[in-house]
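Chemist: What shape does this take:
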Amino acid sequence: MIDLNYRFFSILFIFLIPFFAFNQIKSNYTLKILGVVQDGGMPHLGNNKTCCENIKQDKYVTSLMLMNNENNESFLFDASPDINKQLNFMGDRIKKDLKGIFLTHAHIGHYTGLMYFGREALNSKLVNVYAMPRMKKFLEENGPWSQLVSLQNISIIELSNESKISIDSNVIVQPVEVPHRAEFSETVGYKIYGPNKTALFIPDIDKWYLWEKSIIDEIKQVDYAIIDATFYDSKEVNYRDISEIPHPFVTESMDLFDSIDIKEKNKIYFIHLNHTNPLINKDSDQYKLVISKGYNVAEEGMKLNL
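Modeler: Prediction:
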């Protein structure tokens, strides 16, 4: 009897393999990390600290690219001031393959790359720029960004908080508003739903406890969480009043995430690093500690399959 049951389930398993394989959609979508540092870039203007002396390679400002590897179409998440270098590998394909840019907010590292779409540079035609209402108004009413609109270099598509938008038949993008300095616009992160996996991108937030959502719950719902790690700890900023430049310290985030399973920690990619952040240096004790705890530090060129 036992032998018959074994044979039955063995045969059933063989027949079910194609079923599960069929229902797992082959994904041609990749999230590529184009930059990992904070708005000021690296090297940082006016930097006279010794923290960066051992870093031999320039680092680009934080930005992601969603790529369809089948037809080469792509979308950017934030237009950094390093965009010309970040997109250089695409060459002339930019004009036809870059289908849109999702902006998080109006701080210099996140939208000023739009200048390269103007007539002095690429002179693009109606590149879709996805933005929240205040961000849209800021671009439309303030030069030189308003010129991009009037000359039809860009076409701004207004987003609504939590409302999902399909960018093709297999990918959905959802803006999620977060608390962050709102001098010129609201600030959002993005959930990016691929055929098989989902990513959360929050490069800027004031503090996790100020958000109406639970970051731990959000991490559990996604496969990748690419999140704000601007400053490692208070020592890094000389114990400055962090309310002037609010961000969650990496040490605070790790304390908050300390109780979650290792598989959840493995989802986390720290990004948007200030030029003083020791996580930039793989030889630093802080970098080694973060990795030993199961977290990841985002690197330029890193690819995450969706």
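
Chemist: could you pull out the strands for the stretch 201-306 of the chain?
Modeler: Taking DSSP state E, counting those that start in this stretch as the test, the strands found in the stretch 201-306 of the chain are 224-228, 268-271, 296-297, 303-305.

Chemist: wait, what's in contact with the residue most central in space within the chain?
Modeler: The centre of the chain sits closest to Phe201, judged by Cα atoms, centre = their mean, with a distance of 4.1 Å. Going by Cβ atoms under 8 Å, 6 or more residues apart in numbering, Phe201 touches Leu64, Phe77, Thr104, Gly189, Tyr190, Lys191, Ile192, Ile226, Ile227. Every residue, glycine included, has its C-beta placed from N, CA and C.

Chemist: most neighbours, which of the residues you listed?
Modeler: Ile226 (30 neighbours; other Cβ atoms under 10 Å).

Chemist: Show me what that residue is bridged to.
Modeler: Phe201, Tyr269 (DSSP bridges).

Chemist: What separation do you get for it and Ser234?
Modeler: Applying Cβ to Cβ, to the nearest Å, the value for Ile226 to Ser234 is 23 Å.

Chemist: Take the contacts of Phe201 and keep only those in strands.
Modeler: Mapping the contacts of Phe201 onto strands (DSSP state E) picks out Leu64, Phe77, Gly189, Tyr190, Lys191, Ile192, Ile226, Ile227.

Chemist: my guess is the last one meets Glu252, correct?
Modeler: Yep, that's Ile227 we're talking about. No. If you go by Cβ atoms under 8 Å, Ile227 and Glu252 don't touch, sitting 11.9 Å apart.

Chemist: Tabulate the ones in strands among the contacts of Phe201 in JSON lines, adding columns for distance to Lys282 and pLDDT.
Modeler: Converted to JSON lines, the ones in strands among the contacts of Phe201 look like this (distance: Cβ to Cβ, whole Å; pLDDT from 0 to 100):
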{"residue": "Leu64", "distance to Lys282": "21", "pLDDT": "97"}
{"residue": "Phe77", "distance to Lys282": "25", "pLDDT": "98"}
{"residue": "Gly189", "distance to Lys282": "26", "pLDDT": "98"}
{"residue": "Tyr190", "distance to Lys282": "28", "pLDDT": "98"}
{"residue": "Lys191", "distance to Lys282": "29", "pLDDT": "98"}
{"residue": "Ile192", "distance to Lys282": "27", "pLDDT": "98"}
{"residue": "Ile226", "distance to Lys282": "18", "pLDDT": "98"}
{"residue": "Ile227", "distance to Lys282": "19", "pLDDT": "98"}
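
Chemist: And those residues, which is closest to Leu151?
Modeler: Leu151 lies nearest to Phe77 out of the ones in strands among the contacts of Phe201, by Cβ to Cβ, at 24.2 Å.

Chemist: ok, the nearest residue to the closest one once chain neighbours are set aside to Asn123 distance?
Modeler: Spatial nearest neighbour of Phe77, chain neighbours left out: Leu64 (4.1 Å); criterion: Cβ to Cβ, 6 or more residues apart in numbering. Separation of Leu64 from Asn123 (Cβ to Cβ): 25 Å.

Chemist: One more: His110?
Modeler: Taking Cβ to Cβ, one finds His110 at 22 Å from Asn123.

Chemist: Ile215 too?
Modeler: Using Cβ to Cβ, we find Ile215 at a distance of 41 Å from Asn123.

Chemist: between those two, which one's more packed in?
Modeler: Comparing Ile215 with Asn123 by neighbour count (other Cβ under 10 Å), the higher total belongs to Ile215, at 22 against 12.

Chemist: Per-residue pLDDT of the closest residue to the more buried one other than its chain neighbours, please?
Modeler: Setting aside the residues directly before and after it, Ile215 is nearest to Trp208 in space (Cβ to Cβ, 6+ apart), at 4.8 Å. The per-residue pLDDT reported for Trp208 equals 97.

Chemist: Over to Phe22?
Modeler: pLDDT, Phe22: 44.

Chemist: before we move on, what about Ala79?
Modeler: Ala79 carries a pLDDT score of 97 in this model.

Chemist: quick one, what contacts it?
Modeler: Applying Cβ under 8 Å, 6+ apart, the residues contacting Ala79 are Ser63, Ile101, Leu103, His110, Tyr111, Thr112, Gly113, Leu114, Val129.

Chemist: Return the member of the residues you listed nearest to Asp168.
Modeler: Comparing those against Asp168 with Cβ to Cβ places Ile101 closest, at 15.5 Å.

Chemist: Give me the nearest residue to the closest one, chain neighbours excluded.
Modeler: Once flanking residues are discounted, Ile101 sits nearest to Leu76: 4.4 Å by Cβ to Cβ, 6+ apart.

Chemist: neighbours around that neighbour, how many?
Modeler: The tally of other residues near Leu76 (other Cβ under 10 Å) stands at 24.
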